[in-house]
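J.: Got a predicted structure here, sequence first:
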Amino acid sequence: MSITAFLRANTGNYPDKESLTLACMEATGAKRSKVTQAFVDIRTGKTPIVIGMTGTPQPTNTTFKGLSEADIRAKHDTRFILSQIVKKLEKGLYVTDTDFIKQCDIKNHSGFRQILDDPDFRMYHGKAQGITYWSHPESIKKMKEEGILT
């Protein structure tokens, strides 16, 4: 068995790199320097040359792990972020525009002010004496009907 094959086959069988190195040296008769170089080859993705090996090594199937579309939108899409947050607004609880922006953490998103003023979000906010308040649509509607908010 080659050094690389031993390391790959036994990686999870030893508590640390030193134990794996010693076991590999014992099993293959290799010097420490050769085992250390095999670790480097594995880490850097080099394919070791194995005498007697025929053919071209086939790449393994790789499953990529990453972010979903919703994950990216939740981080960068201001409209998506707001649409999720306004659903959580509670009846009878009013948040000033400044506090709403802070709590949404959207201040660094480009064009956030235009999106806040978008017609899709009008039902969630109203003004009184120049201060914009955000709340559940029923609460905003009630205060607008009473003439407190515009």
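T.: Okay, I see it.
J.: Give me the contact list for the helix or strand hosting residue 113.
T.: According to DSSP states H and E, residue 113 maps onto helix 112-116. Helix 112-116 has contacts (CB atoms under 8 Å, 6 or more residues apart in numbering) with 78, 79, 82, 97, 101, 106, 121, 125. For glycine as for every other residue, the C-beta is placed from the backbone atoms N, C-alpha and C.
J.: Now restrict these to buried residues only.
T.: Neighbour counting with 16 or more other CB atoms under 10 Å marks 78, 79, 82, 101, 106, 121, 125 as buried within the contacts of helix 112-116.
J.: about what we covered before: can you lay out the contacts of helix 112-116 as JSON lines showing pLDDT?
T.: Converted to JSON lines, these look like this (pLDDT from 0 to 100):
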{"residue": "78", "pLDDT": "87"}
{"residue": "79", "pLDDT": "88"}
{"residue": "82", "pLDDT": "90"}
{"residue": "97", "pLDDT": "92"}
{"residue": "101", "pLDDT": "89"}
{"residue": "106", "pLDDT": "81"}
{"residue": "121", "pLDDT": "92"}
{"residue": "125", "pLDDT": "95"}
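J.: what's the farthest-apart pair in these?
T.: The most widely separated members of the contacts of helix 112-116 are 79 and 97, with 17.1 Å between them, by CB to CB.
J.: Spell out the secondary structure type for the residue at minimal distance from the centre of the chain.
T.: Nearest to the mean C-alpha position of the chain, by CA atoms, centre = their mean, lies residue 67 at 5.6 Å. Here residue 67 is coil, with the state taken from DSSP: H, G, I helix; E, B strand; the rest coil.
J.: can you tell me which residues contact it?
T.: Taking CB under 8 Å, 6+ apart, we find residue 67 in contact with residue 75.
J.: show me where this structure has strands.
T.: Taking DSSP state E, the strands of the chain run over residues 95-96, 125-128, 131-134.
J.: contacts for the last one?
T.: So that's strand 131-134. Everything outside strand 131-134 that qualifies as a contact, by CB under 8 Å, 6+ apart, is 86, 89, 94-97, 100, 124-127, 140, 143, 149.
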